[in-house]
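Novice: Can you look at this prediction? I've put the sequence above it.
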Amino acid sequence: MDDFRLKVFIAAARTLSFTRTAEQLYISQPAVSKHIGELESRYKVQLFARRGSRLELTDAGRTMLEAAERLADGYRRLEYEMSLCTGLAEGELRLGASTTIAQYLLPPILARFTARFPGVRVSVFSGNSAEVEQALGEHAVDLGLVESLSRRQGLHYTLFKSDELVLVASSCGKYARTDAVTPEELLQIPLVLRESGSGTLEVIAAALAAKGIRLSQLHVAMRLGTTEGIKAFVRNSDAMAIVSVISVVDCLRSGTLRIVDIEGLAFVRDFSFVHAAAEPAQLARQFIDFARAGL
């Protein structure tokens, strides 16, 4: 976007760290402070507040973030639409996507992309987030889409969209009439979880840790490598699972699975593009812009 100060603010608001913002944007930390200070002076508000060692957005900061993200989306769509005026893309694009993204989010995007750009040959490697990042580091794919919280050194990440994980149970089983459980009750429920290296598992572990619960305290009935396998297990048992809400839309509509709330606990994460260079290659950048413009 044209106003670099807003780009700095958005990065700082998302990371809540001037240090990480400086690293992401390849500028100094004093430069980050300067850009934020200029915005605060212009609008005569305080955008961030410190709570001990933590940085938090003020009410004015949250308002600015919403407005700045709308502007950034507008700029993205403008740049993408104008790029179409230069002609159709051609070539080969090798994508790597974590399991949830590859199964539920990517297919409709690929269908639209290949229809719009028939000259582009797209292949997709699917694995967990760690495997996708490894494939990117080994130059086996050109662009990755991952769901993990961690960031691998030497790779660069671009936000795609947010996602929510939900606790689900069979509509015909033991928990068919259970609307909510406490975090303490969750420890007694048999759960089906993803394998080690899964971005989903990492998000679950982080959210539980914030409540003082270790992953090892959970009653794990089974570990499976795919969300489809997990859903099938839950439909045929009294176990529960924590999965992406986008993966259970059809099951919720058909009534085979139901969401059970966890009191005071939410699992929220970001899906991100990951690329080896700070600025992706032209074809990878075109795919990123196309996918984000369609949100």
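Specialist: Everything's here; your move. Residues are numbered from 1 along each chain as shown.

Novice: At which residues are the helices of the stretch 151-295 of the chain located?
Specialist: 183-186, 199-209, 227-235, 249-254, 282-293 (DSSP state H, counting those that start in this stretch).

Novice: Select, out of those, the one closest to C85.
Specialist: Closest to C85 of those, according to CB to CB: helix 282-293, at 13.1 Å. Bear in mind the C-beta positions are built from the backbone N, C-alpha and C, glycine included.

Novice: helices and strands of the protein: which one has the lowest mean pLDDT?
Specialist: helix 59-83 (a mean of 82; mean pLDDT, DSSP states H and E).

Novice: Determine the set of other helices and strands touching that one.
Specialist: For helix 59-83, the elements it packs on are helix 4-15, helix 29-43, helix 282-293, judged by 3 or more CB pairs under 8 Å, 6 or more residues apart in numbering; DSSP states H and E.

Novice: Quick one: closest of these to H139.
Specialist: Of all those, helix 282-293 comes closest under CB to CB, at 12.6 Å.

Novice: What residues sit buried inside the closest one?
Specialist: 283-292 (16 or more other CB atoms under 10 Å).

Novice: Minimum distance to V120: which of the helices and strands packed on helix 59-83 has it?
Specialist: Of those, the one closest to V120 (CB to CB) turns out to be helix 282-293, at 6.8 Å.

Novice: And the least confident helix or strand of the chain, how far out from the chain middle?
Specialist: 18 Å (CA atoms, centre = their mean, to the nearest Å).

Novice: quick one, it and helix 4-15 angle?
Specialist: 120 degrees (axes from the mean of the first three to the mean of the last three CA atoms, to 10 degrees).

Novice: Pull the residues that contact helix 59-83.
Specialist: 1-3, 6-7, 9-10, 13, 39, 43, 45-48, 57, 286, 289-290, 292-293, 295 (CB atoms under 8 Å, 6 or more residues apart in numbering).

Novice: ok, of these, which come out buried?
Specialist: 1, 6-7, 9-10, 13, 39, 47-48, 57, 286, 289-290, 292.

Novice: of all those, which two lie farthest apart?
Specialist: Maximum distance among the buried ones among the contacts of helix 59-83 (CB to CB): 34.5 Å, for F48 and Q286.

Novice: Let me see the contact set for the closest residue to Q46 other than its chain neighbours.
Specialist: Nearest residue to Q46, sequence neighbours excluded (CB to CB, 6 or more residues apart in numbering): T58, at 5.3 Å. By CB under 8 Å, 6+ apart, the residues touching T58 are 45-49.

Novice: Right, I'll call it a day here.
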